[in-house]
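1. coords below, sequence missing:
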């Protein structure tokens, strides 16, 4: 049943993506200043949305774990963070490719890039912390605390870096909010398949975590005998 | 009332242990000195260039040296299972946390106060033209570093590779606080007072302090009790 | 009022239940020997009672007060695997520290009294780092008894102690029981424990296999309880 659901979702996401890519390549005209490469934004921005949605979900899962102490929330939390990091990486890499072509450099310490990188590192730290704790209940508890601390620092990171960079103006191309409605529709339209892909990945990771817990419990049982 | 007495008892205990062994302070101070010297090779150490990056330089030194102190904070409780003795006593987790944080705070501030004149001499910079405001920035930003560092010290105390884990986890969380402190310190060492836009940085540090102190106090029982 | 009421306590490590529905009461003035093999869950249970760990389900009450409340800790004294003493402080400083943390009146007098009772008054200002193993253990006993706890939780108290420390511990335990205090100790050293014990609880693979009064045959034959209530 679950397998069928995942498969159906996967097919739906692929069809949507294929359709979106076709529209992007054939229907939407090149952007006036950036040319063909601007299309990367249809993956770049939804990936960032997905990433932060995942981080927000991990905060909620962390709070829920501390409240209920049900390990399912911990499994959900680690699943969304891993998937969030993957989408964060997509965002960073597509951003770098775009920057290479438009600005001629792979990286610039623009506030958005910098904040994204720092958030990515924060959550990478979460995974490192998990790796270091062996006992599942202890690990779940510490991870939940870390997901709360991490999410609390995210707004500070964004505001501080924004102020920092606006004080020292950088060549920030591509201002906010001036986007053609066709482009905007595609931006959100392409978020849908990415969200479905994220949900599929999260679901797979969640099942793995559950199995891992069962294996761990069996191992402990065996140790005691 | 009892809460405060318990807090200060923990602080006094930590400070006494540290002053007796001087493990963390010695390591931290020598490390700070080494970094201060290493920086002189990273750029042309004239007083003009130094003044432009003084805040960044100083706070990197404080952050690197500070982690050595923070690492010891809960690690100090590991031999003989002292942490268990403390947790099974009626001391609230918050008092234990604040007590240890205060001890770390005193040690970090002491290290900073030693580093500043050394920095002034080595780099030929007059750092004391805004003493009051500089003290304010040190006091506020160091509390932010301390409180986050102490929470992570508790979080990582039982881990393998604790010494590596703490800096890796704590620096990204500290970035906003350190960045604000760097901005303000650079301004102050250049001789200008904090005014106008700069006040936003001060507010950011205060907000950071308040939020993370509250979170730490709320979460510490969860962290300490298995 | 029961000194200690354990009601349906469960503890999990991941999905593995380390403690399964443990329930028993300890009456004031009794001395309970908590028995069980290594890894049966004795230490896990003691950690929950000492407030170092929280049960996944169930409740622990100390003298009618929920053990999750911090103030209930004032009535227990804990002696775990570690001695809980700071090496870089002196004997008196260690005791003064804990007296302060427990908010005891006259910390100095209390600390001196216990240094005398454990035979450490002559080394009161010596750093614990320089103490012999036995001296450190006696100081740990002083630390656990310092605030005159009504309930003592001891994890393997006789293991690895030297003769003098065992003698000190037995004396203070007897005194405590005579004063009507309650003792719960996990142990391997059946003979020492059973001599003091009035009651016995046996944990087997996280389950309570037996709990009741210590009988004559347990004392005559320490293996008796394991043969009758332990697994084959």
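-> Everything's here; your move. Since we're looking at a predicted model, the values are computed, not measured.
2. in chain A, which residue sits nearest chain C?
-> Taking CB to the nearest CB, chain C has its nearest neighbour within chain A at residue A:136, 3.2 Å off. Glycine gets a C-beta too; all of them are placed from N, C-alpha and C.
3. now do the contacts for that residue.
-> If a contact means CB atoms under 8 Å, 6 or more residues apart in numbering or on different chains, then residue A:136 has A:71, A:74, A:213, A:216, C:13, C:14, C:15 as its contacts.
4. for chain B, what's the nearest residue on chain C?
-> Nearest residue of chain C to chain B (CB to the nearest CB) works out as residue C:82 at 2.4 Å.
5. how many neighbouring residues does that residue have?
-> Residue neighbour count, defined by other CB atoms under 10 Å in any protein chain shown, stands at 17 for residue C:82.
6. quick check: the residue in chain C that chain A sits nearest to vs residue A:219, distance?
-> Closest residue of chain C to chain A, CB to the nearest CB: residue C:14 (3.2 Å). The spacing between residue C:14 and residue A:219, counted by CB to CB, to the nearest Å, is 10 Å.
7. cool, residue C:155 as well?
-> Taking CB to CB, one finds residue C:155 at 25 Å from residue A:219.
8. residue C:157 reaches residue C:78, doesn't it?
-> No: the pair residue C:157 / residue C:78 is not scored as a contact, 10.8 Å apart, by CB atoms under 8 Å.
9. what about the closest residue to residue A:102 other than its chain neighbours, how many neighbours?
-> Leaving out its chain neighbours, the residue that sits closest to residue A:102 by CB to CB, 6 or more residues apart in numbering or on different chains is residue A:34, at 5.8 Å. Around residue A:34 there are 16 other residues, counting by other CB under 10 Å.
10. which phi and psi values does residue A:34 adopt?
-> Torsion angles at residue A:34 (phi, psi; degrees, to the nearest 10) stand at phi -100, psi -20.
11. so it touches residue A:40, yeah?
-> No: using CB under 8 Å, residue A:34 is not in contact with residue A:40; the gap is 9.4 Å.
12. spatially nearest residue to residue C:73, not counting backbone neighbours?
-> residue B:90 (4.1 Å).
13. assign a three-state SS to the one you found, would you?
-> The three-state label given to residue B:90 by DSSP: H, G, I helix; E, B strand; the rest coil is coil.
14. give the contact list for it.
-> C:70, C:71, C:72, C:73, C:74, C:101, C:102, C:103.
15. please apply the same query to residue A:36.
-> Contacts of residue A:36 by CB under 8 Å, 6+ apart are residue A:30.
16. related to what we said a few turns ago, residues contacting the residue of chain C closest to chain B?
-> Residue C:82 makes contact with B:79, B:80, B:81, B:82, B:84, B:85, according to CB under 8 Å, 6+ apart.
17. now do the SS call for it.
-> Under three-state DSSP, residue C:82 falls in the coil class.
18. got a pLDDT number for residue B:85?
-> As predicted, residue B:85 sits at a pLDDT of 94.
19. do the same with residue A:169
-> At residue A:169, the model reports a pLDDT of 43.
20. three-state assignment of the nearest residue to residue C:36 once chain neighbours are set aside?
-> Excluding the flanking residues, the one nearest residue C:36 by CB to CB, 6+ apart is residue C:203, at 3.8 Å. Under three-state DSSP, residue C:203 falls in the strand class.
21. distance of residue C:203 from residue C:224?
-> According to CB to CB, residue C:203 stands 17 Å off from residue C:224.
22. near chain A, which residues of chain C?
-> Contact residues (CB under 8 Å from any CB of the partner chain) of chain C with chain A: C:12, C:13, C:14, C:15, C:16, C:39, C:56, C:205.
23. continuing past the lowest-mean-pLDDT helix or strand in chain A, what's the next helix or strand?
-> The weakest-scoring helix or strand in chain A, judged by mean pLDDT, DSSP states H and E, is helix A:181-189 (a mean of 81). Counting by DSSP states H and E, the next helix or strand C-terminal to helix A:181-189 is helix A:191-224.
24. all strands for chain C, in order.
-> C:4-13, C:16-26, C:31-35, C:57-62, C:65-66, C:76-79, C:151-155, C:182-186, C:199-204, C:207-213 (DSSP state E).
25. got a markdown table for those, with distance to residue A:115, mean pLDDT and mean neighbour count too?
-> As requested, the strands of chain C are arranged in a markdown table below (distance: least, CB to CB, whole Å; pLDDT from 0 to 100; neighbours: other CB atoms under 10 Å in any protein chain shown):
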| stretch | distance to residue A:115 | mean pLDDT | mean neighbour count |
| --- | --- | --- | --- |
| strand C:4-13 | 38 | 94 | 19 |
| strand C:16-26 | 41 | 94 | 19 |
| strand C:31-35 | 54 | 92 | 26 |
| strand C:57-62 | 42 | 94 | 18 |
| strand C:65-66 | 44 | 90 | 13 |
| strand C:76-79 | 47 | 93 | 26 |
| strand C:151-155 | 49 | 93 | 23 |
| strand C:182-186 | 52 | 93 | 26 |
| strand C:199-204 | 52 | 91 | 21 |
| strand C:207-213 | 53 | 88 | 16 |
